[in-house]
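> Sequence first, predicted model second:
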There are 2 protein chains.
Amino acid sequence: MSFSRVAIIGLGLLGGSLGLALREKLPGVETFGYDRDPATRARAAERGLVAQVVDSAAEAVLGCDLVILCVPVGAMQEAAREIAASLPAGAIVSDVGSSKRSVQQALAEALPDHVAIPAHPVAGTEQSGPDAGFPSLFDGRWCILTPPANAPQDAVERLAELWRDLGARVEIMDAEHHDLVLAVTSHIPHLIAYTIVGTASDMEDVTRSEVIKYSAGGFRDFTRIAASDPVMWRDVFLNNRDAVLEMLGRFTEDLTALQRAIRAGDGDTLHELFSRTRDIRRSIIDEGQDDAAPDFGRDH
Amino acid sequence: MSFSRVAIIGLGLLGGSLGLALREKLPGVETFGYDRDPATRARAAERGLVAQVVDSAAEAVLGCDLVILCVPVGAMQEAAREIAASLPAGAIVSDVGSSKRSVQQALAEALPDHVAIPAHPVAGTEQSGPDAGFPSLFDGRWCILTPPANAPQDAVERLAELWRDLGARVEIMDAEHHDLVLAVTSHIPHLIAYTIVGTASDMEDVTRSEVIKYSAGGFRDFTRIAASDPVMWRDVFLNNRDAVLEMLGRFTEDLTALQRAIRAGDGDTLHELFSRTRDIRRSIIDEGQDDAAPDFGRDH
């Protein structure tokens, strides 16, 4: 076992799933947890998300050899400061946040004397809170580690081993590249889903009831994505601003080109794109990152 | 029973599901079918999508009291012309296309002496072709009828009854309003899904393999939508151009406002929108148009 005592700070979907996965897959590891919301702590104790729920972040990390911060990326620095004084000297600190440059900087500033290895398991659901977690969340998903240049190789390897033990596949890349990749595979999709759901809610000539009734034509899938945790996502956009704006610029250019094709009645351009996008879908299914069953039929 | 002999022209996902639903739910109705692709006809006959697959549209409609055109909306007029000479005098003609103004016009032009009642069952999956259909596709989904002003009331009622018998809920509205509503609940979501999947495929600094590996962060749901039938969707955008461009303009304005909020670090604007969009999701689940189970976990 790469670690013997693990502290989880933040007991929502990710922190809870992590605790449950540790209990199921590495039952020898002791787990401690804290959440700043007392109701979440109470529910986490009821569900047994960690072996012991304690009343402060500082207490949770006592004696731990690994701390994983599972809070919104905008709250990382504050969480790191809360544990700084009681964090054991050799403990490794990591996280599960969706942007990595900002987290790397926040951890380096708040914990200059510790090894911090930011991580991002690319997994989640549209639900949040202490009831949302489940132990198989990371199975077959990728966990990206973004160790800073000075991170000891053996610490990186221990953390990678833990994630593999929890069912994930591990990739290592630098924080800047992570932020660019995830801007396109996660952040922009969320941003445009939130946007179209907002646009649809604000119309005068189409009622809200109509939007809801006829949502099976595609819209309901966007509402699913747009039901994700608002604080988490606010923080992602504020903390990965440059990459998000860069990718948004490219998306908008491509959308403008399609708009022009529609206006001009240029069916060939539309057909060429609509055919090309099917290939990437097939690759995602072949790679095990999604299910081939026709989900719009929703029979599960 | 509102009809005794039904012809289905086009035996893909929609036509096939319609045939299977008729067989299961209205076994007394005789069904005839045609598709212009010989391979689709052969497969439709093997699967029993209709009781009898024939070799021309003109033959399929002989003796029928209802014909449902299940071809891409750009092919409606041609299909209507093919059946014009052999269509029985009292037969009603309908369709399942996703845009209604253009279909209403195409049918009125090609079949001036018949009753044509365009319809749109708001149901589908990301799959297409003669293997994709299944009989429960319309269960609990809405079917929108857009009868022209001169349509006989009893014909509208007979068609509505058929759709109810097949498991759908029926709404009646004018074609223009249909096209506006569906632009926002279906057409724009598809357009932006196709766009972002295209944007992601064309990047130089993020590889295709990375896009695929890390797709579980939201992107894979867009690829599902962007795997829909290219010809069908090309035709939708060409045939519902005005409403799509209008709604696309509103979407782009809203996206630009969010872009500005991200650039300015305005977390309150982001948080306000991201919280508001959750309500619509809840209403969609309450209305039975989607499933509350956390689908990003994909365990089915």
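Happy to help now that I have it. Source: prediction; values computed, not measured.
> Which secondary structure elements does the helix or strand of chain A with the lowest mean pLDDT sit against?
Within chain A, no helix or strand scores below helix A:219-225, which has a mean of 88 by mean pLDDT, DSSP states H and E. If you count contacts as 3 or more Cβ pairs under 8 Å, 6 or more residues apart in numbering or on different chains; DSSP states H and E, helix A:219-225 packs onto helix A:188-201, helix B:188-201, helix B:219-225, helix B:267-286. Every C-beta, even on glycine, is put in place using the N, C-alpha and C of the backbone.
> tell me how far that helix is from the chain's mean position?
Remark: helix A:219-225 is offset 18 Å from the chain centroid, using Cα atoms, centre = their mean, to the nearest Å.
> Would you mind giving the helices and strands packed on helix A:219-225 as TSV with mean neighbour count added?
What follows is those, written out as TSV (neighbours: other Cβ atoms under 10 Å in any protein chain shown):
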stretch	mean neighbour count
helix A:188-201	25
helix B:188-201	25
helix B:219-225	27
helix B:267-286	18
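> I'd like those as TSV, with distance to B:Ala293 appended.
Supplementary listing: the helices and strands packed on helix A:219-225 in TSV, determined by distance: least, Cβ to Cβ, whole Å:
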stretch	distance to B:Ala293
helix A:188-201	18
helix B:188-201	21
helix B:219-225	14
helix B:267-286	10
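> Tally up the residues packed near A:Glu46, please.
Per other Cβ atoms under 10 Å in any protein chain shown, the neighbour tally for A:Glu46 reads 11.
> Which of the helices or strands spans it?
For A:Glu46, the host element (DSSP states H and E) is helix A:38-47.
> right, and the helix or strand after that helix?
Going down the chain from helix A:38-47, the next helix or strand is strand A:52-53, by DSSP H and E.
> What is that next one packed up against?
Using 3+ Cβ pairs under 8 Å, 6+ apart, strand A:52-53 sits against strand A:30-34, helix A:38-47.
> hang on, A:Pro72 packs against A:Phe237?
No - shown here, A:Pro72 and A:Phe237 do not form a contact pair, counting by Cβ atoms under 8 Å, at 11.3 Å.
> Spatially nearest residue to the residue of the stretch 51-200 of chain A found nearest chain B (excluding sequence neighbours)?
Distance from chain B to each residue of the stretch 51-200 of chain A (Cβ to the nearest Cβ) is smallest for A:Ser186, at 2.9 Å. Once flanking residues are discounted, A:Ser186 sits nearest to B:Gly217: 2.9 Å by Cβ to Cβ, 6 or more residues apart in numbering or on different chains.
> picking that back up, so between A:Pro72 and A:Phe237, which is more surrounded?
More crowded of A:Pro72 and A:Phe237, by other Cβ under 10 Å: A:Phe237, with 28 against 22.
> Point out the most buried one among the helices and strands packed on strand A:52-53.
Per-stretch averages of neighbours, counted by mean count of other Cβ atoms under 10 Å in any protein chain shown, single out strand A:30-34 among the helices and strands packed on strand A:52-53, with a mean of 23.
> For it, name the packing helices and strands.
Counting by 3+ Cβ pairs under 8 Å, 6+ apart, strand A:30-34 packs on strand A:5-9, helix A:13-25, helix A:38-47, strand A:52-53, helix A:57-60.
> Quick one: the ones you listed as a markdown table, columns for distance to A:Trp142 and mean pLDDT too.
Putting the helices and strands packed on strand A:30-34 into a markdown table (distance: least, Cβ to Cβ, whole Å; pLDDT from 0 to 100) gives the following:
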| stretch | distance to A:Trp142 | mean pLDDT |
| --- | --- | --- |
| strand A:5-9 | 20 | 98 |
| helix A:13-25 | 15 | 98 |
| helix A:38-47 | 26 | 98 |
| strand A:52-53 | 29 | 98 |
| helix A:57-60 | 27 | 98 |
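> among those, which is the most enclosed?
Most buried of the helices and strands packed on strand A:30-34, by mean neighbour count (mean count of other Cβ under 10 Å): strand A:5-9, with a mean of 26.
> Given that one, what are its sheet partners and their directions?
strand A:30-34 (parallel), strand A:66-69 (parallel) (DSSP bridges).
> can you tell me the average pLDDT over the longest one?
Strand A:30-34 comes out with an average pLDDT of 98.
> which outside residues touch it?
If you take Cβ atoms under 8 Å, 6 or more residues apart in numbering or on different chains as the criterion, strand A:30-34 is touched by A:4-11, A:15, A:19, A:22-23, A:41, A:44, A:49-57, A:59-61, A:64.
> No further questions, thank you.
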